[in-house]
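Undergrad: coords please:
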Amino acid sequence: MEKFFKDALKVSIASLVISITLYIVIIAFFLLSVVTANIFGTVIKIIVPILILVTILGFIYSFFIKGKQKIPFLTLHFVSLYALSFGIYLAVSFQGFAP
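TA: Purely as a prediction, here's the structure:
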């Protein structure tokens with residue numbers, strides 16, 4: 001485990017894979033939310049904090065990548081953080097519109 005956290009590229013790749021997997025889980029539960037809206041809310045409350053932490057960890061580790069791979073990883077993590085922040089903003093903004 002100690003070797004894993006010393007290699008910034010491996011941590012960044014693992015963070016991206018976990019982030020994409022969690023996004024897929026959120027989308028899958030959203031598509032199934034017609035039947036189970038209560039479960040969707042619970043899953044969102046659990047997954048979003050994990051997704052935020054994993055993405056920030058990957059973003060920080062992307063600064064320590066050496067070589068030309070640094071820019072794509074920084075960009076991908078930044079886009080993930082932006083999408084997550086925008087989704088949270090929309091959820092808070094439109095919270096009063098739902099019946």
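Undergrad: pLDDT (mean, whole number) over the longest helix that the chain contains?
TA: Ranked by residue count under DSSP state H, the longest helix found in the chain is helix 37-62. The pLDDT scores in helix 37-62 average 88.
Undergrad: the helix or strand following it - contacts with which helices or strands?
TA: Following helix 37-62 in sequence order, the next helix or strand is helix 70-93 (DSSP states H and E). Helix 70-93 sits against helix 8-31, helix 37-62, with contacts defined as 3 or more C-beta pairs under 8 Å, 6 or more residues apart in numbering; DSSP states H and E. C-beta: built from backbone N, CA, C; applies to glycine.
Undergrad: let's see 6 Å
TA: helix 37-62 (3 or more C-beta pairs under 6 Å, 6 or more residues apart in numbering; DSSP states H and E).
Undergrad: helix 70-93 and the helix it packs on, what's the angle between them?
TA: Interaxial angle of helix 37-62 relative to helix 70-93 (axes from the mean of the first three to the mean of the last three C-alpha atoms, to 10 degrees): 150 degrees.
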